[in-house]
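[1] Provide a 3D model corresponding to the input given below.
(2 chains)
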Amino acid sequence: MGQLPNLLLAGLSTGSVYALVALGFNVIFKSTGAINFAQGEWVMMGGMVAAAGHAAQWPLGLAVLLAVVTVMVTGILSERVILRQLARPGPLVVTLVMIAIAICTKSLVMLVLGKNPASLPGFSGSTPIDWGGLRIHPQTLWIIGITCLVMVGAHAFFERSILGRAMRAVAAQPEAAALCGIDPRMAMALAFALAAATGALAGAIITPLTLTSFDYGTVLGFKGFSAAMLGGMGSLPGALVGGILLGSLESLAGGLISSHFKDAVAFLALLLTLFLRPAGVLGKGEVERV
Amino acid sequence: MASLQIDDLCVDFGGLRAVNALGFTAAEGTIKGVIGPNGAGKTTLFNAISGFVRPSRGSVRLDGIDISTLASHERASRGLSRTFQNLQLIPDMSVLENVMLGSHASLRAAWGASLLGLARREELAAEALALEKLELLGLADRSAVPASDLGFADAKLLEIARALAGCPRVLLLDEPLAGVPLEEQNRVVEIVRAINRTGVTIVLVEHNMRVVMQVCDEIVVMHHGAWLAEGSPADVAQSPEVIAAYLGTAHGAAPGTAPGTTQGTAAGAAYPQTDAAGHGTRGNHA
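    Numbering: from 1, shown residues only, chains lettered A, B, ... in the order given. You can find the predicted model right below:
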């Protein structure tokens, strides 16, 4: 009966990654009202670029940094080059355009980096740590630690920094924010940069455990979206709660029922959320978007 | 100090012309009142000046420079700010944080620099400026309270504080007294005057005629989106066209010639919510 703690630990680690992906969904949802369906592709791209960097003999840390910067630039370019051309970037239009960008990103990665699965070594090797019957892959600790750091950082950014508060103002009162001198397009570009960077980081830290390939993004994006909905779209703590909850449920379902059932959990969770509590676990009754 | 000049301004919503060939100037350092019956297009005018709606013709000039093609945030950084008829505060931010938002118009650091934490000194300066504005509006002791906890009058003052944090040269006030309890109205009026004394040109839309007459240097009257009359409060109050517009032509020759009181009564009839204020005797010791 050492199974349950191990399953929960595995759930915590994949859940952390889902939380990071959900965070990306939330940041863009907050600033544009749109669902960014390219988020999953950014995660995949993060893993692929980090793996390519590593394959080119870059030090691991530098390869991860390369991944974050590359994907961040991709995110900014998506906003600058494509979304900025839209006369009125309404939520639905942005969502649709992001689906197109997702498909292009996926194809681009496939063309440049190839169709083969890629991998990264664990940041601190891959010898499991035995901790009272609990077998912990060291990468799990990296994932949980980095997720905690990013979550705390995101919270501090949106609560404390003048820039983060400006982004919240654009989301809550766009007209008043504009007259405060805040450029709404700048806020949008910043949201895309942050979401892309978070996604890339998620992709880079999960790759040592799961491998990655050009077609991993769609599923990961869907899981992250489900986690965001489960926790409450637009809520930062919601991303964390939704991610961990979904990761744990998935891991338990996979371990206790059947591993074939694993991917269905996210669909079920999404449907149940939509049926029973559309605002999510931490949502405020209605989706807040003006 | 700066002047605001509107020329031949037209705003169309589909087939409806909400603002029709309107022109007026708010001279440097003055308070210009914009009045007119409900639906006259006053808020649309403000929206066009601040860049939320595109005029189909005409221009808006700040210090002689045409700003009518600029985006709202660019107008803000050139010294234009405004408050809103229905409050647009960020409820889950503190009073101080709301005011600090306003200072973006005067922040010089690039976004990238702020993101990397290189603009710390400027953020501290923004905080000091925000506190100073809160002091001016008498809200300094509530700076840490969430904006949603403020009473309506204080919330309106908070919007003004936020607008001031951008160091505007021209400030548009959209009904700063609407919904403010009678006993607090004089506080708002005194603050509007104090802001004006610091050199800020003010354009004021307000339904409370007593206050408009008292506080404005000049008034422009709008009717059906168009210019109807313009001049000193006394001139405007005596203008037969203005009285007709408010009361309908049948009452064009309404009795009473004392400027302030006539207009006060007229407005009282047209706008029930100002009735109390129009006839109120207390609180007006200015």
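[2] so who does the closest residue to chain B within chain A touch?
    Residue nearest to chain B within chain A (CB to the nearest CB): A:G181, separated by 2.9 Å. C-betas here are computed from N, CA, C, even on glycine. Applying CB atoms under 8 Å, 6 or more residues apart in numbering or on different chains, we find A:G181 in contact with B:73, B:76-77, B:102-107, B:166.
[3] out of those, which is nearest to B:E175?
    Using CB to CB, B:G102 is the member of those that lies nearest B:E175, at 19.1 Å.
[4] against A:G224, how distant is that closest one?
    Going from B:G102 to A:G224 by CB to CB, to the nearest Å gives 35 Å.
[5] how about A:L194?
    From A:L194 to A:G224 the distance is 15 Å (CB to CB).
[6] the two: which is more packed in?
    A:G224 (31 against 23; other CB atoms under 10 Å in any protein chain shown).
[7] next, count neighbours for whichever residue of the stretch 101-250 of chain B sits closest to chain A.
    Taking CB to the nearest CB as the measure, the point where the stretch 101-250 of chain B comes nearest chain A is B:A105, at 2.9 Å. By other CB under 10 Å, 25 other residues sit near B:A105.
[8] measure it to A:T218 for me?
    B:A105 is 42 Å from A:T218, by CB to CB.
[9] before we move on, what about A:A204?
    For A:A204, the distance to A:T218 (CB to CB) stands at 18 Å.
[10] more neighbours, these two?
    More crowded of A:A204 and A:T218, by other CB under 10 Å: A:A204, with 31 against 15.
[11] next, give phi and psi for the nearest residue to that one once chain neighbours are set aside.
    Closest residue in space to A:A204, ignoring its immediate chain neighbours: A:A50 at 4.0 Å, by CB to CB, 6 or more residues apart in numbering or on different chains. Backbone geometry at A:A50, expressed as degrees, to the nearest 10, gives phi -60, psi -40.
[12] residues in contact with A:A50?
    A:63-64, A:66-67, A:120, A:200, A:203-204, A:207.
[13] okay if I get the residues you listed as JSON lines plus distance to B:V189?
    Output for those, formatted as JSON lines (distance: CB to CB, whole Å):
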{"residue": "A:A63", "distance to B:V189": "64"}
{"residue": "A:V64", "distance to B:V189": "60"}
{"residue": "A:L66", "distance to B:V189": "61"}
{"residue": "A:A67", "distance to B:V189": "59"}
{"residue": "A:L120", "distance to B:V189": "67"}
{"residue": "A:A200", "distance to B:V189": "55"}
{"residue": "A:G203", "distance to B:V189": "59"}
{"residue": "A:A204", "distance to B:V189": "60"}
{"residue": "A:T207", "distance to B:V189": "65"}
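[14] redo these as a markdown table? Include pLDDT.
    A markdown table is the format used below for the contacts of A:A50 (pLDDT from 0 to 100):
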| residue | pLDDT |
| --- | --- |
| A:A63 | 96 |
| A:V64 | 96 |
| A:L66 | 96 |
| A:A67 | 96 |
| A:L120 | 91 |
| A:A200 | 96 |
| A:G203 | 95 |
| A:A204 | 95 |
| A:T207 | 94 |
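[15] among those residues, which lie within strands?
    Per DSSP state E, strands hold no members of the contacts of A:A50.
[16] taking the residues you listed one by one, which sit in helices?
    Residues of the contacts of A:A50 located in helices (DSSP state H): A:63-64, A:66-67, A:200, A:203-204, A:207.
[17] which of those sit farthest apart?
    A:L66 and A:T207 (13.3 Å).
[18] quick one: buried ones out of the contacts of A:G181?
    B:73, B:76-77, B:102-107, B:166 (16 or more other CB atoms under 10 Å in any protein chain shown).
[19] can you put those in JSON lines and add pLDDT and secondary structure?
    Formatted as JSON lines, these follow (pLDDT from 0 to 100; DSSP: H, G, I helix; E, B strand; the rest coil):
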{"residue": "B:H73", "pLDDT": "91", "secondary structure": "helix"}
{"residue": "B:A76", "pLDDT": "91", "secondary structure": "helix"}
{"residue": "B:S77", "pLDDT": "89", "secondary structure": "helix"}
{"residue": "B:G102", "pLDDT": "88", "secondary structure": "helix"}
{"residue": "B:S103", "pLDDT": "84", "secondary structure": "helix"}
{"residue": "B:H104", "pLDDT": "81", "secondary structure": "helix"}
{"residue": "B:A105", "pLDDT": "71", "secondary structure": "helix"}
{"residue": "B:S106", "pLDDT": "70", "secondary structure": "coil"}
{"residue": "B:L107", "pLDDT": "69", "secondary structure": "coil"}
{"residue": "B:G166", "pLDDT": "88", "secondary structure": "coil"}
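[20] identify the farthest-apart pair in those residues.
    B:H73 and B:S103 (13.0 Å).
[21] what's the overlap in contacts for these two?
    A:180-181.
[22] for chain B, what are the nearby residues on the stretch 101-250 of chain A?
    A:161-163, A:165-166, A:168-169, A:172-173, A:175-184, A:186, A:190 (CB under 8 Å from any CB of the partner chain).
[23] show me the helices in the stretch 101-250 of chain B, by range?
    Ranges of helices within the stretch 101-250 of chain B are B:111-115, B:120-136, B:152-165, B:182-197, B:209-215, B:233-238, B:240-247, based on DSSP state H, counting those that start in this stretch.
[24] quick one: buried residues of the fifth one?
    Of the residues in helix B:209-215, those buried under the neighbour-count criterion (16+ other CB under 10 Å) are B:209-213, B:215.
[25] which one of those is nearest to A:G242?
    Among the buried residues of helix B:209-215, and counting by CB to CB, the member closest to A:G242 is B:V211, at 51.1 Å.
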